[in-house]
Structure formats: C-alpha cells, structure tokens
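Enquirer: Sequence plus the predicted model coming up.
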There are 2 protein chains.
Amino acid sequence: MRILIAEDDSRLLTQLDTLLQQNGYSVDLADNGEHGLFLIKEYTYDLAIIDIGLPKLDGFEVIRQARKDNIACPILILTARDRWQEKVEGLDAGADDYLTKPFHNEELLARAKALIRRASGQANPTIQYGPLSLNTVSEELCVNDKSFDLTAYEYKVMEYLMMNPQKVVSKTELTEHIYDQDFDLDSNVIEVFIGRLRKKLDPDGSLKPIETLRGRGYRINRSL
Amino acid sequence: MRILIAEDDSRLLTQLDTLLQQNGYSVDLADNGEHGLFLIKEYTYDLAIIDIGLPKLDGFEVIRQARKDNIACPILILTARDRWQEKVEGLDAGADDYLTKPFHNEELLARAKALIRRASGQANPTIQYGPLSLNTVSEELCVNDKSFDLTAYEYKVMEYLMMNPQKVVSKTELTEHIYDQDFDLDSNVIEVFIGRLRKKLDPDGSLKPIETLRGRGYRINRSL
DNA sequence: GCTTACTTTGCAACTTGTGTACAGTCTTCC
DNA sequence: GGAAGACTGTACACAAGTTGCAAAGTAAGC
C-alpha cells in the first residue's frame, strides 16, 4: 500500500512518515501543495493525506485539481481543531474524510485503514467495532444494523471512543478532544453526553456499549 | 506512578498538576530549581518534568546535579519553541526527552507514559509475565486469558509490580510510587490492596500470583 | 512460646458517577 | 422575522463504588 503525505510542518511530516512506515505502508512525502499535486497526478496512491494549510498551493486546490484530473484515490485531510468549516469545504472539494489536529496515531491509522478498505467499493468511511459501526461522513451510528441519528456532540464523543477502542479514555482527554483547550474541566458535560448516548443506543440497558471505569474514564465495551 | 513537576509559571504548573492527577498519577510540585533539586534527591520519582527556565537554579543545573548524584529517573524537559538549542543542551545535561511549549496535553501524556515504560525496560504497552498480562492501554489485567476489572488503586499496585517483575518491592517503595509525599507511610493500605488483588485474581488460592517476602516486600511469583 | 509481620474483615467516610430538570442558545421552517 | 423545536450545558439530589482505618486473627521466625 502506498501513501502520499503532503504536510509542511516538518516535524509532523517525519512523525507521519515513521508511523505509516512502521505500519507497513510505503510512503511518499511532499512539503508543499505544488509538489503534492505533482506526485498525486504522477503516481497511483492508495491514500493521500493532505494538510489544508499548505504553502504554494493550498490543500483545497490540490484536491480540486486532482479530482478534475479524475484521480480517484481516497483523500484524508488534516485541519486545525478550531477550523471546522475547513472540514466542510474540504469534503466539498472532494476529500473523503478529515482528521483534526492534533490527533492520536491510532486515530490516523484507523481512518487510513478504513479509507483504503472502502476505496474499492464506494461506501463511506466507517469505523467498526463489534456490533457498532460509525459512519464518519453521515455521522450516523449503527448498532446491530439499527441506525441512530446522533447530535453533533454525541457524535464527537462516540467518534473519539470508537477511534480508541479498548482504550480507557479519561474525561479530561475527551473534554480536550471535543472542546477548546480552555473549556472548564470541572463541568459534567461528558457524563451527561455519555448518559444520553447510553439512553439512545441501549434504552433497556442490555448491551452496555460504553463501560465506566470509575475514577479513570470510559471505554467501548470489549466484550461486544 | 509518581511525577515531579518543576515549573515556575504558576498557571502552567496547576494545569500540569490537574492533568496528571486526573490521569492517575500522583504529583509533587516545585516552582523553582532549588526546591526541584531537593525533591528529586529526596524522593524517588518515576518521571521528572522540568522547565529549563527556572528561577534560583536553572533546569540544566538541576539535571546535571541530579545526574551527578546518580539519580536515574527519566527526565522530560520543557523548552520554548524558538530556543531549539536548549533542547540539545538539555539532552546533553542528561534529559531523556523534550517537549516545546506550547504543547498539547495529549502529547505530554503520551510522552510521559512512554518514558516511564521505557525506564522500566518495557518496550511494549502490554506487560506480560507468565500467565499474567497487563494491557496499559485498556488498563486490563488478564490471568490465563481471563480478564479482570481492577479499581484505580488495585491497578496502580499491579502496574508497579508488573513493571518490576523479579524485584522484591517493599511496601515503602510501593507507597512512595503510588501516593504523593504527604501520605502516611505507617498505614496498612498496601497490605489491604495486596489482599484484595489476591482475592480477586486468585480466589481459590491456587495460583499465588503475588508472593510475600516477609520483612522485605512483595514480588510477582517467578515460578508461574 | 513470644514477638513481629502480615492478613483479613467490616465499616464509615469519601469520592465519583447517574439521572433529571431547567434555562439558554441555536436551527429550522413557515 | 418570529415561533416551535432541538441541542447544549449547568445544577443538584441521589446512588453506587472505592478507599483507608482499625481491630482482631493468623503465620513465620527466632
């Protein structure tokens, strides 16, 4: 599997390079939009990871021009956390999925894998874990093939948990991932959303999709 | 796991304190180099996070003097982004890793965890010892493939023992690594937690995963 | 057998999580 | 452009689980 990474922050670039190589991908690098566009047109990739804020030619432009040339390779864009409208514009330009910086390595790998797997079929990128499957584009969650509509924040909570399956995710971590840095860490919003999610997905309490680890955090139920 | 933070910016200091505590570490604080050096010499830490620009005694000096005293604890330094030469000097002085300010909390946590793990000679996030295996991501303990739910403190005790297999760990040592400096060393909590762990993991007393060495401490059973 | 060290137990205090109601805000749709 | 509805975040009372202590019981070593 061959992946293109277009990213101008050299530290992040090397980090991604190492990460993906260690996970068995072969990787090509570009540190500006022009070079990225050249590579994506010249070669065939299984996935392109493109930062939106690229010098010379921004990420949107790279995607638009690549799509205009009928390049079908799945594209994952990287956006800053506080610029969520970039995600919309990126998807409009032809990206398949997005990830906000900073992200966890496992998240990136999960998305990369999903995108590559789904590239052959036309389906939307989905994160799957046991009977749970989360469509990251329609923001729709299925439990045992029954689909649920989530609100924006319910989705964010669920997405983060699903991207770190097996992991104990502390409330701090969830809060920081979902809100800006300076959000009040003593608030009980996370508990409230966990409660709402449980009620929505599992009204009779038989499945227990989200486990509580008292004093430590929450975790997607491993035994599903 | 117990962490020392030496940082003079009081806002950052409290932020780090909260962050680490909420993620299950016990934390001691110093707001100048002199106090930091005193603490690192006086107690045993699993990690020290030291800002380079400290008053009274700068970070480099703290590290040099600590290393001169043969203190082996892993050290993570904090430097300003635009002073990259500091990180070189810091690593020369004996630091193990660096992080440039500002940083994301998640990154700090990831590095802290990695440093602590590396210090105990564990390359892998899953620590295995005979039929025992402790996954430090899902915080799950398995004995012969049967998984057990541990409470926060049960987990801390087990983690410390598993990170030091073969070693006889005294009660004082366990207490010092699990609680912070003002915890009563005469309490019998450690005995109580060892008891609870044994009962949970080995209810019929056939496996004996934790050995007692009278007058010296506890050890993970080597003959498993 | 006596001392000391460890184990066990029950319990009370405490910490942390849950459920609910409500108010403020944002959306949508006429 | 206004009303109805949905979503988010706070507050608080209640429930549940965890922790630490103390006292009594047991085992080890001299």
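Expert: That came in fine, so what should we check first?

Enquirer: list the contacts for A:Ile77?
Expert: Neighbour list for A:Ile77: A:49-52, A:59, A:63, A:86-87, A:90, A:95, A:97-99 [criterion: C-beta atoms under 8 Å, 6 or more residues apart in numbering or on different chains]. The way it works is simple: take the backbone N, C-alpha and C, and place the C-beta from them, glycine included.

Enquirer: Please repeat the previous calculation with a cut-off of 10 Å.
Expert: A:6, A:48-52, A:59-60, A:62-63, A:86-87, A:89-91, A:93-100 (C-beta atoms under 10 Å, 6 or more residues apart in numbering or on different chains).

Enquirer: and the host helix or strand of A:Gln21, which residues are buried?
Expert: Using DSSP states H and E, A:Gln21 sits in helix A:10-22. Residues A:Leu13, A:Leu16, A:Asp17, A:Leu19, A:Leu20 are the ones in helix A:10-22 that count as buried (16 or more other C-beta atoms under 10 Å in any protein chain shown).

Enquirer: Could you find the closest non-adjacent residue to the last one?
Expert: Meaning A:Leu20. A:Val27 (5.0 Å; C-beta to C-beta, 6 or more residues apart in numbering or on different chains).

Enquirer: Could you give the bridge partners of the spatially most central residue of chain A?
Expert: The centre of chain A sits closest to A:Leu99, judged by C-alpha atoms, centre = their mean, with a distance of 4.3 Å. As for beta bridges, A:Leu99 partners with A:Leu78 under DSSP bridges.

Enquirer: Report whether the expected contact of it with A:Thr79 is present.
Expert: Yes. With contact defined as C-beta atoms under 10 Å, A:Leu99 reaches A:Thr79; the gap is 7.6 Å.

Enquirer: Could you pick out the longest helix of chain A?
Expert: In chain A, ranked by residue count with DSSP state H as the criterion, the top helix is helix A:105-119.

Enquirer: and it with helix B:105-119, angle?
Expert: 110 degrees (axes from the mean of the first three to the mean of the last three C-alpha atoms, to 10 degrees).

Enquirer: how near is A:Pro209 to A:Val137?
Expert: In this view, A:Pro209 and A:Val137 are 21 Å apart by C-beta to C-beta, to the nearest Å.

Enquirer: Can you pull the residues of chain A lying near DNA strand C?
Expert: Residues of chain A lying close to DNA strand C by C-beta under 7 Å from any atom of the strand are A:171, A:188, A:191-192, A:194-195, A:198-199, A:212, A:214-217.

Enquirer: Now, of these, which are buried?
Expert: Here, 16+ other C-beta under 10 Å leaves A:Lys171, A:Ile194, A:Arg198, A:Arg216, A:Gly217 buried among those.

Enquirer: show me what contacts the last one?
Expert: By that I understand A:Gly217. Listed by C-beta under 10 Å, 6+ apart, the contact partners of A:Gly217 are A:161, A:167-174, A:190, A:211, B:22-24, B:139.

Enquirer: now swap in the first one and tell me
Expert: When contacts are counted by C-beta under 10 Å, 6+ apart, A:Lys171 touches A:Leu185, A:Ser187, A:Asn188, A:Val189, A:Ile190, A:Glu191, A:Ile194, A:Arg216, A:Gly217, A:Tyr218, B:Gln22.

Enquirer: If we use 6 Å, what do you get?
Expert: Contact analysis of A:Lys171 by C-beta atoms under 6 Å, 6 or more residues apart in numbering or on different chains lists A:Ile190, A:Gly217.

Enquirer: Over to it: give its phi and psi.
Expert: When read as degrees, to the nearest 10, the backbone of A:Lys171 gives phi -60, psi -40.

Enquirer: distance of it from A:Asp202?
Expert: On the measure of C-beta to C-beta, A:Lys171 and A:Asp202 end up 20 Å apart.

Enquirer: Give the other helices and strands that the lowest-mean-pLDDT helix or strand in chain A contacts.
Expert: Between all helices and strands in chain A, the lowest mean by mean pLDDT, DSSP states H and E belongs to helix A:84-93, at a mean of 73. Identification of packing neighbours for helix A:84-93 by 3 or more C-beta pairs under 6 Å, 6 or more residues apart in numbering or on different chains; DSSP states H and E yields helix A:59-68, strand A:75-80.

Enquirer: tell me the angle of the shortest one relative to helix A:10-22?
Expert: Okay, so that is strand A:75-80. Using the same axes, to 10 degrees: strand A:75-80 against helix A:10-22 is 140 degrees.

Enquirer: in strand A:75-80, what's buried?
Expert: Across strand A:75-80, burial judged by 16+ other C-beta under 10 Å covers A:Ile75, A:Leu76, A:Ile77, A:Leu78, A:Thr79.

Enquirer: would TSV of those residues with pLDDT be doable?
Expert: What follows is the buried residues of strand A:75-80, written out as TSV (pLDDT from 0 to 100):
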residue	pLDDT
A:Ile75	91
A:Leu76	92
A:Ile77	90
A:Leu78	89
A:Thr79	83
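
Enquirer: For the residues you listed, work out which two are farthest apart.
Expert: Spatial extent of the buried residues of strand A:75-80 (C-beta to C-beta) is set by the pair A:Ile75 and A:Thr79 at 12.6 Å.

Enquirer: From the buried ones among the residues of chain A next to DNA strand C, pick the one nearest chain B.
Expert: A:Arg216 (5.7 Å; C-beta to the nearest C-beta).
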